[in-house]
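> Predicted structure and sequence below. I'll ask about it afterward.
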Amino acid sequence: MPAEPAAPAAPAAPAEPTHLATPTQLTTSPHPSTPTRPAVLGGPPAFAEPLHVGRPNIPDAPRAMELIQQAIDRRWLTAFGPLVKQFERDVAAAAGVKHCVAMCNASVALQVLIRAAGLRDEVILPSFTFIATAHTLLWEGVTPIFCDIDEETGNIDPEHARRLITDRTTAVMGVHLWGHPAPTKELDDLADEFGLRLFYDSAHAIGSARGGRAVGGFGHAEVFSFHATKFINSFEGGAVVTDDDELAERVRSMHNYGRGEGEIVSSIGTNAKMTEVAAAMGITSLENLGYLIDVNRERYERYAAGLAGIPGLTLRRPGPGNDVNHQYIVAEVHETAAGISRDVLAAALTADNVLVRTHFDPGCHRTEPYTRNPDLYAPLPLPRTEALGARVLMLPTGTGVTLDEVDRVCALIARLVASADAVTTAVRTAP
């Protein structure tokens, strides 16, 4: 691993909440606007309009439209326009790195990075991640080797990764799951010990930090996502960020047909460039980074207070030394204590127009095409991945969800848990 540079300042963020969001004595009072009978038991839906996980944030539409109009007036819509260059500077500054190469989406950015880094043979990664992390490796002819997680953090377990290293291992791909930074020091040490490359899928993690150091500057390179569902979005987009000058040059060349910003073709490549319209939205989003993190944190704290008294419900909180962007509210349903399974609770909430998600269940190792290769992937004992996957429940948040709606979701969950037997019967016998 290259020597670590001085840590850039992490994004400013309010202090972490001091309360621990774990089950205690039930204190949640029913919200006055929550129907007394959940929809699954015959009541009207608690919400007339659906609440979503990952509804796009558009913090300043007039500003975005102003920048888009500038691009239209210039008639410069793609190919290294001034908005893309500004967005790359802004992302690099947020990540505390020298280089950012913006691209059309994060999956393509991962593919270009894998190709530019010359990865081959086998790469170790957590199974508990979005499928793109694995698919991009396989797409580039690299075999993903799935690793278990630390159940407390949801991130890759460095000790299990160590046991998976062979003479075919060329790299480790960490993931900052849900914006919670991975164990970067332990992975640095592991990569140094075995002479491996180290990269991060940081799709969830812009604006997060570990030990005061912004996510984006760890390992040899990281990849951000600016998909519409991310709290910082460019409609659709991604970026490779790195302090490695040579790697950045190869990435920049490959993302434009192997010719960088010039006319001389120096390598094979593809067309992965970001458009000016996407960059306009990205610039607008990043200008509101602090505000959007504050919005996320406020909703996290409201959920923490509202769920704390519900038996069997816990809320994931940042680990020691981690600042997170809180773009995902991740609860866990402990079936024995709650008296209701995660899947039943999810179905009941959906009936009330609370469109929860259960990412990332199943883990990548239990999905196609990996289950078609039993010699390599099955049976694969990843017990902590499967245990956590069976408990996670992602709740609506972001600028599209008000604090009052958070209170109502918490009250609804309390009602559903209090009526666990009836709710379970209703869900399991529904046509």
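Nice, I can see it. Numbers count the residues shown, from 1 in each chain.
> C-alpha only now, for contacts and for neighbours.
Noted.
> ok, now how distant is the nearest residue to residue 249 once chain neighbours are set aside from residue 90?
Nearest in space to residue 249, with sequence neighbours left out and distances taken as Cα to Cα, 6 or more residues apart in numbering, is residue 260 at 7.9 Å. When Cα to Cα, to the nearest Å is applied, the distance between residue 260 and residue 90 equals 20 Å.
> the more surrounded of these two?
Neighbour comparison, residue 260 and residue 90: the larger count goes to residue 260, with 20 against 17 (by other Cα atoms under 10 Å).
> quick one, what contacts that one?
Applying Cα atoms under 8 Å, 6 or more residues apart in numbering to residue 260 gives the contacts 249, 252-254.
> Check residue 357 too.
Each residue near residue 357 by Cα under 8 Å, 6+ apart is listed here: 53, 346, 393-395.
> out of these, which is most surrounded?
Neighbour-wise, those (other Cα under 10 Å) top out at residue 395, 25 neighbours.
> and that residue, bridged to which residues?
Taking DSSP bridges, one obtains residue 329 as the residues bridged to residue 395.
> State the pLDDT value of it.
Note on residue 395: pLDDT of 99.
> Surely it and residue 356 touch.
Yes - counting by Cα atoms under 8 Å, a contact exists between residue 395 and residue 356, whose distance comes to 5.2 Å.
> got any residues that touch both of the two?
Both residue 395 and residue 356 are in contact with 52-53, where contact means Cα under 8 Å, 6+ apart.
> quick one, helices of the stretch 301-431 of the chain?
The residue ranges that make up the helices of the stretch 301-431 of the chain, judged by DSSP state H, counting those that start in this stretch, are 335-338, 342-351, 374-377, 383-389, 403-418, 420-429.
> and these, which one is worst for confidence?
What stands lowest among these, in mean pLDDT terms, is helix 374-377, with a mean of 82.
> how about that helix: buried residues?
Taking 16 or more other Cα atoms under 10 Å as the neighbour-count basis, helix 374-377 is seen to contain the buried residues residue 377.
> same deal with stretch 67-81?
Buried positions in stretch 67-81, judged by neighbour count with 16+ other Cα under 10 Å: 67-68, 70-71, 76-78, 80-81.
> In helices only, show me those.
Here DSSP state H is the test, and the buried residues of stretch 67-81 give 67-68, 70-71 as lying in helices.
> quick one: which two of the residues you listed are the most distant?
Of all pairs drawn from those, the widest gap by Cα to Cα lies between 67 and 71 and measures 6.5 Å.
> Quick check: neighbours shared by those two?
Common neighbours of residue 67 and residue 71 (criterion: Cα under 8 Å, 6+ apart): 83, 277.
> hey, where'd the strands end up in the stretch 1-150 of the chain?
Along the stretch 1-150 of the chain, the stretches classed as strands by DSSP state E, counting those that start in this stretch are 51-52, 99-103, 122-126, 143-147.
> Least confident secondary structure element in this structure?
Within the chain, confidence by mean pLDDT, DSSP states H and E is lowest for helix 374-377 among all helices and strands, at a mean of 82.
> May I have the residues that are in contact with the closest residue in space to residue 134 that isn't next to it in sequence?
Spatial nearest neighbour of residue 134, excluding adjacent residues (Cα to Cα, 6+ apart): residue 144 at 6.0 Å. When the contact criterion is Cα under 8 Å, 6+ apart, the partners of residue 144 are 122-125, 134, 137-138.
> burial measure for residue 266, as a count.
Number of residues near residue 266 (other Cα under 10 Å) recorded here: 13.
> Run through the residues that contact it.
So residue 266 contacts 253, 258-259 (Cα under 8 Å, 6+ apart).
> Just the buried ones from these?
Under a neighbour-count criterion of 16+ other Cα under 10 Å, the subset of those counted as buried comprises 253, 258-259.
> Looking at the residues you listed, which is nearest residue 288?
Nearest to residue 288, judged by Cα to Cα, of the buried ones among the contacts of residue 266 is residue 253 at 30.5 Å.
> for the closest one, what are its contacts?
259-261, 266-267, 269.
> where's it, which helix or strand?
Here residue 253, judged by DSSP states H and E, is contained in helix 245-254.
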